[in-house]
Every structure is written in structure tokens, then in C-alpha cells.
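J.: my questions are about this predicted structure, shown below with the sequence.
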Amino acid sequence: GQQLNQSPQSMFIQEGEDVSMNCTSSSIFNTWLWYKQDPGEGPVLLIALYKAGELTSNGRLTAQFGITRKDSFLNISASIPSDVGIYFCAGRSGTYNQGGKLIFGQGTELSVKP
Amino acid sequence: DTGVSQDPRHKITKRGQNVTFRCDPISEHNRLYWYRQTLGQGPEFLTYFQNEAQLEKSRLLSDRFSAERPKGSFSTLEIQRTEQGDSAMYLCASSTSGGSTDTQYFGPGTRLTVL
């Protein structure tokens, strides 16, 4: 079945540093999403990508939908302590307005040292 | 817009008991999803409703699991004869087919512990 490989699994960085994480798939996806999850809570949507090559920003976060449709990356600039958490990528076969299950990566755990 | 709500937030039960969880989607969202998340892993899809119709079920959803959405609004997920391996966070998400894009928003989850 479809699988997502997310890397790195964990990151320990200094406040103010930039962060980059990525996701690759063995299959093509038509939608890529990035979520952040705090302990004991549900995932919170950060960025949604619906077109191959699309580059989207949300404040200090920037994400791109890979041209091959098999990968995506998320960058966080100038990290702050509240960026701590687990970041998940998720892909969906359906296009922008189609429903359907999300396939999630294993997550990247981010720790920020003040 | 009150967001997706789930009840209860935590449930501790003994092996063999039945449990039922409820999910209230964002109002007017006609699509509703259930996922399961174990420690250190990403959420895994269980099942998906559009209005009252259950459109897809994962092979993870064994015969002991049943989900309903009788009026196309809230949904329930029941687990019969719980096993220790059912211990996980159960997440609900909703989305709408009426917007320009379909984006899933998650609730806070129900943490199940089976003793």
C-alpha cells in the first residue's frame, strides 16, 4: 500500500535557527498537507497544497508540493520555543475538492532550545 | 465555528468491554473521517462518511469496530470486546465538499486505554 517516508524523525535546534523537513512517497499524491500536533491533542492544519510545484507560505512556514507529486517539504524560519511539537505530512490521492483518506508520515519531532 | 469536538477525551476500560465514542463535526461539514493513532506513529485511516453514507473502510476496521452517522451530522465509533491492542488515540476529522478545496480539520481525539 501507499507509504510516506518523513525525515528527519527528530530535530534538536537552537532558537532562531531555520528548520527543514520533507516527505517522500512511493505513489503519486494530488494533495499534500502539513499538520502540527501537540501532546494529547489532535493535529492542527498548517499548510495545504493542491497543485504540483505549488509553493505556499503561512507566516514563518513555507511548504512546497514537489513537481513529481511524490514529495513535499516544510521549512520553518527563525524557530521559536512554541514551534516545539510533532510535525506530520499527509498525502491524498484525491484532487483539491475530492474527499478521501489521508496517508500520514511518521512525524518529525521538533525540539527548540531557547 | 466551534471546531470538531469529540467525547469523551479519555476512556479507560477493561478488556472485553464495549466502548463508544462520539464525534461532532464542524457544522455544515458533510464529510467525516475516523483515524487511529498509536504512540510514535502518524494517524491511520479507519473509515469515511459523506453525509450518512459510509464510503470507505480500512482493513484496520475489524468486525469488532462499527461506525455510524445516522443523520449525517454527528458520528459514533463503537468497539466491541475491546483488546489491549485497541489502546490508542481515536481521532475524528471533518471537511466539506461545498468549498473550493477539501481540507480535513481534526478534533482533539479520544484517548482509549484498555487494561
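T.: Yep, that arrived. Worth saying up front: this structure is predicted, and the values here are computed from it rather than measured.
J.: in chain B, what residue spans correspond to strands?
T.: B:5-7, B:10-13, B:19-24, B:31-37, B:44-50, B:53-57, B:65-68, B:75-79, B:88-95, B:105-106, B:110-114 (DSSP state E).
J.: how about a markdown table for those strands, with mean neighbour count, distance to A:L110 and mean pLDDT added?
T.: From N, CA and C alone the C-beta is placed, and that goes for glycine too. Listed next are the strands of chain B as a markdown table, based on neighbours: other Cβ atoms under 10 Å in any protein chain shown; distance: least, Cβ to Cβ, whole Å; pLDDT from 0 to 100:
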| stretch | mean neighbour count | distance to A:L110 | mean pLDDT |
| --- | --- | --- | --- |
| strand B:5-7 | 17 | 25 | 97 |
| strand B:10-13 | 14 | 26 | 98 |
| strand B:19-24 | 19 | 28 | 98 |
| strand B:31-37 | 24 | 18 | 96 |
| strand B:44-50 | 21 | 22 | 95 |
| strand B:53-57 | 14 | 32 | 92 |
| strand B:65-68 | 17 | 33 | 96 |
| strand B:75-79 | 19 | 30 | 98 |
| strand B:88-95 | 24 | 20 | 96 |
| strand B:105-106 | 22 | 19 | 96 |
| strand B:110-114 | 18 | 22 | 98 |
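J.: want to throw the ones you listed into TSV with distance to chain A?
T.: Listed next are the strands of chain B as TSV, based on distance: least, Cβ to the nearest Cβ, whole Å:
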stretch	distance to chain A
strand B:5-7	8
strand B:10-13	9
strand B:19-24	11
strand B:31-37	5
strand B:44-50	4
strand B:53-57	6
strand B:65-68	14
strand B:75-79	14
strand B:88-95	5
strand B:105-106	4
strand B:110-114	7
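J.: so which of those strands is nearest A:I80?
T.: Counting by Cβ to Cβ, A:I80 lies closest to strand B:105-106 out of these; the figure is 23.2 Å.
J.: what's in contact with that closest one?
T.: With Cβ atoms under 8 Å, 6 or more residues apart in numbering or on different chains as the test, strand B:105-106 has contacts from A:35, A:42-45, B:3-4, B:26, B:29, B:91-95.
J.: sheet partners, orientation included, of that strand?
T.: When pairing is defined by DSSP bridges, strand B:105-106 lines up against strand B:88-95 (antiparallel).
J.: isn't A:A90 right up against A:K36?
T.: No. Counting by Cβ atoms under 8 Å, A:A90 sits too far from A:K36 to count as a contact (11.7 Å).
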